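Student: model the structure of this input:
(one chain, ligands or ions: 1)
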Amino acid sequence: MIQAWAASVFVVGALVLAGIFVFIAFKARAGPVPYDDVAHTGYQIRAFWFLGLAATLAVILTLGIPYYPYPSFRQSTVGQPELQVQVTASQYLWKLEPDQVPVGRVIEFDVTSGDVNHDFALYGPDHVLFGQVQAMPDYTNRLYLKFSTPGSYEIRCLEYCGVAHSGMLGTLSVTP
Ligand code: CUA
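Tutor: The predicted structure follows:
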């Protein structure tokens, strides 16, 4: 199925490309075009692409503001935190207080580290990354999350922090 689809895309793409080559070949038969005409069209194309890309970028960045990982933005989309979880990372374990939260509530994770930089990453029961934030010494990063699926969430460290980094695992239990 997907092979047939890829083959059709390839054939259509190849035909379009061949058509462009034929078109350019026929146009070239008319003889050379003065440099100023070419340059003028070139600058127009460049201005069109620049403005188009700049406008696209501006729209994407503006629409993305509510999803920026800063507390004030996150609070405006997720809501005011109702419960807090204190997360402390250290070589090579996670300490969570409490280590159990309910679904449907906004949870504020206050994440810090007792030694070096770590990265607090929560994976859902479907093994998909649900949220993550850096765990830094002498600093508290806040992560706002609202769970809709109960289950056991695995915590992994996503910042290389020493020989046992890969074994730095933990669990957060999300109850109905
Ligand atoms: Cu802690 Cu990697």
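Student: buried set for the helix or strand bottoming out on mean pLDDT in the chain?
Tutor: Least confident helix or strand of the chain, by mean pLDDT, DSSP states H and E, is helix 71-78 with a mean of 70. Neighbour-count burial for helix 71-78 flags R74 (criterion: 16 or more other Cβ atoms under 10 Å). In this view, the C-beta of every residue, glycine as well, is placed from N, C-alpha and C.
Student: which residues sit against it?
Tutor: I65, P66, Y67, Y68, P81, V106, R142, L143, Y144, L145, K146 (Cβ atoms under 8 Å, 6 or more residues apart in numbering).
Student: mind redoing it with 6 Å?
Tutor: Residues outside helix 71-78 that contact it (Cβ atoms under 6 Å, 6 or more residues apart in numbering): P66, V106, R142, Y144, K146.
Student: and the helix or strand following that helix, which strands flank it?
Tutor: On the C-terminal side of helix 71-78, the closest following helix or strand by DSSP states H and E is strand 83-90. In the sheet, strand 83-90 lines up against strand 93-97 (antiparallel), strand 106-113 (parallel) (DSSP bridges).
Student: chain center to the least confident helix or strand of the chain: distance?
Tutor: 17 Å (Cα atoms, centre = their mean, to the nearest Å).
Student: stretch 118-131 now?
Tutor: Worked out by Cα atoms, centre = their mean, stretch 118-131 lies 13 Å from the chain centre.
Student: ok, and the most crowded of the contacts of helix 71-78?
Tutor: Using other Cβ atoms under 10 Å as the neighbour test, these are led by Y144, with 20 neighbours.
Student: Three-state assignment for that one, please.
Tutor: The three-state label for Y144, taken from DSSP: H, G, I helix; E, B strand; the rest coil, comes out as strand.
Student: contact partners for it?
Tutor: R74, V78, E108.
Student: and it, what pLDDT?
Tutor: According to the prediction, Y144 has pLDDT 88.
Student: go on, T112?
Tutor: You'll see T112 listed with a pLDDT of 97.
Student: show me what the lengthiest helix in the chain is packed up against.
Tutor: Ranked by residue count under DSSP state H, the longest helix found in the chain is helix 35-64. Judged by 3 or more Cβ pairs under 6 Å, 6 or more residues apart in numbering; DSSP states H and E, helix 35-64 has no packing partners among the helices and strands.
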